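Colleague: structure for this input, please:
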Amino acid sequence: MHSKTDAIQSSVEALRYPWENHPGPDQVVEVMPGVLWVRLKLPFRLNHVNIYLLADGDGWAMVDSGFGNEESIAAWTALFEGPLAHVKITQLIVTHSHPDHVGLAGWIVERFNCPLQMSQVEYLQSVYHQNRGTEERRNAQRLFFRRHGMDENLTDKLLGRGQDYLKRVSILPPSYRRISHGDEISIGTRRFKVITGGGHALDQVMLYCAADKLFLAADQVLSKISPNVSVWAVEPDQNSLGEYLASLASLTTTLPYDVLVLPGHGVPFYGLKTRIKQLADHHEERCRLIADACRETSKTSKELVPVVFHKHVLDVHQMGFAAGELIAHVNYMLVEGRLTAEEADGVLRFTTT
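Modeller: Sure thing, here's the model as predicted:
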């Protein structure tokens, strides 16, 4: 039998979406006084990114900038000539180095002559992505995919169209201001604590305002989809899934139940701890699928992709993400002692311990 307290607690933890409808391309939604929500289109299956504006004295601080293409510039231009006509951007905070978030940082900074704020690792990662197309790096990527059982043909495809999106950024501002985990920053009348976490990105910035119970989660906790957590050739043994799960566990202990979560994609929501448990359970389920598949015979990462992504038809862009995500689970399971790896003819095969 459940007590009344249990019922109240579970209702506090329940996932709720106060805005079922997102802003249209020429709309701005006020989610609370001094907090605006804008949504820009993306040319992928994940077809949008959320941008938030926070009241900052006589202007507004922008959190993330959008994708570096002509369509995003046109969308911002229409907003700055329409519903945001009187808005001056005082500072740009970019949560992480992915092109849908940092892509237009240079354009925004130049237009408003405002400072860029990022974590150091994410700024340097953005510089890396901007200059990553060297032959040495392509060869490293080729060897990485081959080691995980991808054939020459698939590897060529992944190195072609599959990686193009990373370069879709305006020229990055040559300087930035560093924000770090544990910092307290003032934006207008609000005080935000800076929280950073790994997994989806290396050191993604999240912002928490205790007074308003407001949490800007970037892509660390999304409302209805699971953020991509991958491993890439630059750090082939990275335990990015371990870092991600540690970040989720830390958010669960640090933040209260009733924060309003503003995610980088999807819609704002309540029920952070419930959502975090769903995300952790989702990754554990994938680990179980991998463990079952590797129990009788050893498998390569390529052979394991359809085991985990059996419900998906993957194009080249998504296949790159699926491979990176699969390898993240394998690396995590190696660290946890749930798999062992053997290398033969330059290809890794995994067996359940």
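
Colleague: residues touching residue 243, list them.
Modeller: 197-199 (Cβ atoms under 8 Å, 6 or more residues apart in numbering). Just so you know, the C-beta spots here come from the backbone N, C-alpha and C atoms, and that holds for glycine as well.

Colleague: contacts for the helix or strand where residue 348 lies?
Modeller: Take DSSP states H and E as the rule and residue 348 turns out to sit in strand 347-352. Residues outside strand 347-352 that contact it (Cβ under 8 Å, 6+ apart): 146-149, 290-292, 294-295, 298-301, 304, 330, 333-334, 338-343.

Colleague: do that again at 10 Å, thanks
Modeller: 146-150, 236, 290-304, 327, 330, 333-334, 338-343 (Cβ atoms under 10 Å, 6 or more residues apart in numbering).

Colleague: mind checking which of those are in helices?
Modeller: Judged by DSSP state H, those include 146-147, 290-296, 301-304, 327, 330, 333-334 as members of helices.

Colleague: which of those are buried?
Modeller: When the ones in helices among the contacts of strand 347-352 are checked for burial by 16 or more other Cβ atoms under 10 Å, the buried set is 146-147, 290-291, 293-294, 301-304, 327, 330, 333-334.

Colleague: JSON lines for those residues, including pLDDT?
Modeller: Formatted as JSON lines, these follow (pLDDT from 0 to 100):
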{"residue": "146", "pLDDT": "93"}
{"residue": "147", "pLDDT": "95"}
{"residue": "290", "pLDDT": "98"}
{"residue": "291", "pLDDT": "98"}
{"residue": "293", "pLDDT": "98"}
{"residue": "294", "pLDDT": "98"}
{"residue": "301", "pLDDT": "97"}
{"residue": "302", "pLDDT": "94"}
{"residue": "303", "pLDDT": "96"}
{"residue": "304", "pLDDT": "97"}
{"residue": "327", "pLDDT": "98"}
{"residue": "330", "pLDDT": "98"}
{"residue": "333", "pLDDT": "98"}
{"residue": "334", "pLDDT": "98"}
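
Colleague: which two of the residues you listed have the greatest separation?
Modeller: 146 and 291 (24.6 Å; Cβ to Cβ).

Colleague: quick check, residue 98 in contact with residue 122.
Modeller: Yes: between residue 98 and residue 122 there is a contact under Cβ atoms under 10 Å: 9.2 Å.
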